[in-house]
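*Asks:* just the structure for this:
(one chain, ligands or ions: 2)
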Amino acid sequence: MEPEREFRVLQPIWDIIRDGREDFLGSPLFPVFISVTFYFVAVLPFMIIDLYGKEWHRVQKYKIQPNKEVTWPMVRQTIWVTFWNHVMYILPSSVAQWIWQPPIPLDPIAPPLWEYVWQISASFVIFDTYYGSIHAVFHKVRFLYRWLHAIHHEYHSPFSWVTQYLHPWELIIVGFGTTFIPWLFNAHCFTTYSFMLLNIIIAVESHIGFDFPWAAHHWFPFGIYGGAPKHDMHHYKPLTNFQPYFNTWDKLFGTYCPPMSAGGHKSAELLAFESKKRSERQKNFKNVFTVCGWLNLYVWKKLAPVRAA
Ligand SMILES: [Zn+2]
Ligand SMILES: [Zn+2]
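*Replies:* Ligands and ions are numbered 1, 2, ... in the order given. Modelled structure (predicted):
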């Protein structure tokens, strides 16, 4: 066993995290505790920028919809709903888990680096498809949209606290995906917890409303990753960009809308998309107008003998 441990790059990190905290890390309450704490820590810097950094031009020049101001009542509303969901739904379900679920076994050996990387990457791809398809259904089925998803779309320009400004059932659907997808690979709990935390970072980044030059979507090749501009566009045009992270399924199913970048800049691709949609609307209007015209003529002709009589 010892020679194998020497090759585990993640072993020192796992040892630091695990040593002396086995009971805490192995408790079924730990994933919820770490997710909630991490979420609050992740949104706070962006809340400060939104509320107190309105004159910080070096930061504000990266805002995607610069004309949309974030105010304290908006932030207060999203915080209230987030706390309510966590106290009323997430806490009781995790306490129930704590009572009935046995402690999670903690392998003292860290996962191999390659296994850690591929399992997290595969979990992202599966979560992206899982939530992307549920999200599309929420938008296509009217009563599901009104009942479950409309709350998340109260803001056409998102800000960090909007990330979990969700109906509790949607929050549970998201939590189910992040908790159980790594189980498909029988992942090490270090891999599972890392995936959960990375997912929170990526979800918050999608909602910050800023297109920072260091953000991940600038680094991914072939425009396969959307990031904050893509999800900002989903809040701006809610019938587009259902996939939360990547662009593949949206492009394949024709729901992809090119995003606006920092300062509300519209790319040539987005202008072409809007012009195409405009001409489609005009064509539809012309068709409806023509059908109504012919119908009117027909009815008029049918009524002519009645009028003559
Ligand atoms: Zn959103
Ligand atoms: Zn949506």
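*Asks:* which intervals of the stretch 1-150 of the chain have sub-threshold pLDDT?
*Replies:* 1-7, 97-98, 100-103 (pLDDT under 70).
*Asks:* can you rerun that using 50?
*Replies:* Scanning the stretch 1-150 of the chain with the threshold set as pLDDT under 50 gives 1-3.
*Asks:* quick one, helices of it?
*Replies:* Using DSSP state H, counting those that start in this stretch, the helices of the stretch 1-150 of the chain run over residues 2-6, 11-18, 22-26, 29-52, 57-60, 72-85, 91-100, 113-140, 142-144.
*Asks:* of all the ones you listed, which lies closest to Asn287?
*Replies:* When the helices of the stretch 1-150 of the chain are compared by C-beta to C-beta, helix 113-140 sits nearest Asn287, at 22.8 Å. Backbone N, C-alpha and C define where each C-beta goes, glycine included.
*Asks:* coming back round to it: let's have the helices of the stretch 1-150 of the chain in CSV, adding distance to Leu252 and mean neighbour count.
*Replies:* CSV is the format used below for the helices of the stretch 1-150 of the chain (distance: least, C-beta to C-beta, whole Å; neighbours: other C-beta atoms under 10 Å):
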stretch, distance to Leu252, mean neighbour count
helix 2-6, 42, 8
helix 11-18, 38, 14
helix 22-26, 40, 13
helix 29-52, 31, 17
helix 57-60, 35, 11
helix 72-85, 33, 16
helix 91-100, 35, 13
helix 113-140, 11, 17
helix 142-144, 23, 10
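*Asks:* dump these to CSV, plus distance to Phe185.
*Replies:* CSV is the format used below for those (distance: least, C-beta to C-beta, whole Å):
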stretch, distance to Phe185
helix 2-6, 20
helix 11-18, 17
helix 22-26, 20
helix 29-52, 17
helix 57-60, 39
helix 72-85, 29
helix 91-100, 21
helix 113-140, 5
helix 142-144, 30
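*Asks:* tell me which of these sits nearest to Val174.
*Replies:* With C-beta to C-beta as the criterion, Val174 lies closest to helix 113-140 of the helices of the stretch 1-150 of the chain, at 6.6 Å.
*Asks:* give me the distance from the closest one to the chain's centre.
*Replies:* 11 Å (C-alpha atoms, centre = their mean, to the nearest Å).
*Asks:* elements contacting it?
*Replies:* Packing partners of helix 113-140 (3 or more C-beta pairs under 8 Å, 6 or more residues apart in numbering; DSSP states H and E): helix 168-180, helix 189-207, helix 248-252.
*Asks:* figure out which of the helices of the stretch 1-150 of the chain is closest to Phe246.
*Replies:* That would be helix 113-140 among the helices of the stretch 1-150 of the chain, by C-beta to C-beta, at 5.3 Å.
*Asks:* from the contact counts, what lies against the helix ranked longest in the chain?
*Replies:* In the chain, taking DSSP state H as the definition, the longest helix is helix 268-308. Applying 3+ C-beta pairs under 8 Å, 6+ apart, we find helix 268-308 packed against no helix or strand.
*Asks:* which of the helices of the stretch 1-150 of the chain sits closest to Trp219?
*Replies:* Here helix 113-140 is closest among the helices of the stretch 1-150 of the chain (C-beta to C-beta), at 14.8 Å.
*Asks:* what's the angle from the closest one to helix 189-207?
*Replies:* Relative orientation of helix 113-140 and helix 189-207, computed by axes from the mean of the first three to the mean of the last three C-alpha atoms, to 10 degrees: 40 degrees.
*Asks:* chain center to the longest helix of the chain: distance?
*Replies:* Mean-position distance between helix 268-308 and its chain equals 38 Å (C-alpha atoms, centre = their mean).
*Asks:* kindly report the domain assignment for the chain.
*Replies:* Using automatic domain parsing, the domain ranges for the chain come out as 2-266, 268-309.
*Asks:* related to what we said a few turns ago, return the most buried member of the helices and strands packed on helix 113-140.
*Replies:* helix 189-207 (a mean of 20; mean count of other C-beta atoms under 10 Å).
*Asks:* avg pLDDT for it?
*Replies:* Averaged across helix 189-207, pLDDT comes to 93.
*Asks:* which strands and helices sit next to the helix or strand following it?
*Replies:* On the C-terminal side of helix 189-207, the nearest following helix or strand under DSSP states H and E is helix 227-236. Under the contact definition 3+ C-beta pairs under 8 Å, 6+ apart, helix 227-236 sits against helix 189-207, strand 260-261.
*Asks:* how about JSON lines for those, with distance to Glu55 added?
*Replies:* Listed next are the helices and strands packed on helix 227-236 as JSON lines, based on distance: least, C-beta to C-beta, whole Å:
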{"stretch": "helix 189-207", "distance to Glu55": "23"}
{"stretch": "strand 260-261", "distance to Glu55": "22"}
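*Asks:* about what we covered before: quick one: the longest helix of the chain to helix 227-236, angle?
*Replies:* Interaxial angle of helix 268-308 relative to helix 227-236 (the same axes, to 10 degrees): 10 degrees.
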